[in-house]
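Undergrad: Following is a predicted model, sequence given first.
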There are 2 protein chains.
Amino acid sequence: MTKAQAVTKRSSPRGDARKKQIIEVATGMLARNGSRGTTLGDIAAAAGVSQAAVVYHYGTKEELLHAVLDYRDQFEDTQLWQRGPDPGLEIFGIIAGIVSRWDDHPDIVGLLAVLLAENVTEEGLLRPRLRRNYQLTIDRIAGTLRNAQERGEMRPDADPRLAATEILAFLSGLELAWLVSPDIPAAETASRWAASQVAQLRMP
Amino acid sequence: MTKAQAVTKRSSPRGDARKKQIIEVATGMLARNGSRGTTLGDIAAAAGVSQAAVVYHYGTKEELLHAVLDYRDQFEDTQLWQRGPDPGLEIFGIIAGIVSRWDDHPDIVGLLAVLLAENVTEEGLLRPRLRRNYQLTIDRIAGTLRNAQERGEMRPDADPRLAATEILAFLSGLELAWLVSPDIPAAETASRWAASQVAQLRMP
DNA sequence: CAGAACCTACTGGTTGGTCAGTCAGTTGTC
DNA sequence: GACAACTGACTGACCAACCAGTAGGTTCTG
């Protein structure tokens, strides 16, 4: 209940493999049930170990959550910035492509939206991190759009920051909608959205 | 834990007032902390009564949640359809207006998004209702857009259903973003979004 | 005074975290 | 290469805190 002391321990191949396995199992469960809806026991059972083993590897539930978020951050990097750090207006096509491949990674889709919804209050343990992360992604997207403006690829009278905010809002909202109603045409909605965004933002 | 029998009881002015007060208090707390993050004790304390009193008025936590959702549905009706049942493309302006007035009703903003995120799995108690509600709102918006097409107000080559899906996704996503980072320019993002949607959808 | 509107006290169940101990594998020493 | 010392990776049992719902009594009000 209170705290767990962070005992420094060396890593071993076996331990690392187990830790990774726990993370992967936990990611899927957290994306569906959130932090409050997922117990350490649930995760342990799904990973085939005892609940105490999960605590042994991660110390506290909060540390496990952060590890899962690290895992997701890494995944986002390989997805959203797959074609270099400055894709310009092509970012919309990339996003549409990501959405069309949601079925391949169902365990990680919506993780951020679900955890975000659980951490909207000041007291939310993950809020500082999620907030920082959100702002950072907005900054990155706004940056790439600003570069596109300077290259003359995007019209200069559009605000890159508002566009970036709109992108993230649309994405997390679509994730939620898709999770609750998997039958909605997420890929088609995203691709039409991307096309209209590009049509609106590119130089005439 | 199990169930509570629904004791039929007559209503009294005082009881009705208390029930309404509990609903209002609960709405705010649920919109921030979700169902799993809000205990009956929390709600009771905020309403100045004992936890047992809340159970007395609503029987179970689930019934209270449904009552809160009823309250929100009613609110949505007076907001989204304020200018009649068939506003056509003006729906975008209405939505932008609603977002610009979020500060006046902070307790109800995000309620749906937060509860949605908590009820993403099959087992989610509120999922059937939230799903139904979501589809219903999409149908209504798609309907008003289809009418706009028939009136020659909206271009016929745009899919009203995809547009409606996009609208709801954007809205719930923006709610989440605003809750986590209240400093983002929600109103401005929404008004620019609305303008670009109208520009895209109206007859040339 | 009858019923509605509470309250205090309690129950059963769940959950995060602790703790003592087991066991397999690794390392150091002669 | 054999044996002792040690370490990492667990397990099962347990605990304190929390939480939804129950039971039964008390106060308020028409």
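TA: All right, it came through fine. In this text, all values refer to a predicted model and were calculated from it rather than measured experimentally.

Undergrad: the helices in chain A, which residues?
TA: A:13-33, A:40-47, A:51-58, A:61-80, A:90-100, A:111-118, A:127-150, A:160-180, A:186-201 (DSSP state H).

Undergrad: mind giving me TSV with those and columns for distance to B:Asp73?
TA: C-beta: built from backbone N, CA, C; applies to glycine. Output for the helices of chain A, formatted as TSV (distance: least, C-beta to C-beta, whole Å):
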stretch	distance to B:Asp73
helix A:13-33	25
helix A:40-47	32
helix A:51-58	40
helix A:61-80	33
helix A:90-100	29
helix A:111-118	19
helix A:127-150	28
helix A:160-180	16
helix A:186-201	24
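
Undergrad: Of these, which is nearest B:Asn133?
TA: helix A:160-180 (10.0 Å; C-beta to C-beta).

Undergrad: The closest one and chain B in contact?
TA: Yes: residues of helix A:160-180 are located near chain B by C-beta under 8 Å from any C-beta of the partner chain, namely A:161-162, A:165-166, A:168-174, A:176-177, A:179-180.

Undergrad: Can you tell me the closest non-neighbouring residue to the residue of chain A found nearest chain B?
TA: Residue nearest to chain B within chain A (C-beta to the nearest C-beta): A:Gly173, separated by 2.8 Å. Spatially, and ignoring its direct neighbours in sequence, A:Gly173 is nearest to B:Gly173 (2.8 Å; C-beta to C-beta, 6 or more residues apart in numbering or on different chains).

Undergrad: any idea of the pLDDT on that neighbour?
TA: The pLDDT attached to B:Gly173 in the predicted structure is 96.

Undergrad: OK, contacts around it?
TA: Residues in contact with B:Gly173 (C-beta atoms under 8 Å, 6 or more residues apart in numbering or on different chains) are A:Ala113, A:Leu168, A:Ala169, A:Phe170, A:Leu171, A:Ser172, A:Gly173, A:Leu174, A:Leu176, B:Ala113.

Undergrad: For the third one, which non-adjacent residue is closest in space?
TA: Read that as A:Ala169. B:Gly173 (3.6 Å).

Undergrad: and the gap between the one you found and B:Tyr71?
TA: 23 Å (C-beta to C-beta, to the nearest Å).

Undergrad: residue in chain A nearest to DNA strand D?
TA: When scored by C-beta to the nearest atom of the strand, chain A has A:Gly15 as its residue closest to DNA strand D, at 1.8 Å.

Undergrad: any low-confidence regions in chain A?
TA: A:1-11 (pLDDT under 70).

Undergrad: center of it - which residue?
TA: The centroid of chain A falls nearest to A:Leu112 when counting by C-alpha atoms, centre = their mean (4.4 Å).

Undergrad: isn't it right up against A:Leu130?
TA: Yes: counting by C-beta atoms under 8 Å, A:Leu112 does reach A:Leu130; the two are 7.5 Å apart.

Undergrad: ok, back up a step: closest one of the contacts of B:Gly173 to A:Ala194?
TA: Set against A:Ala194, the nearest of those by C-beta to C-beta is A:Phe170 (9.7 Å).
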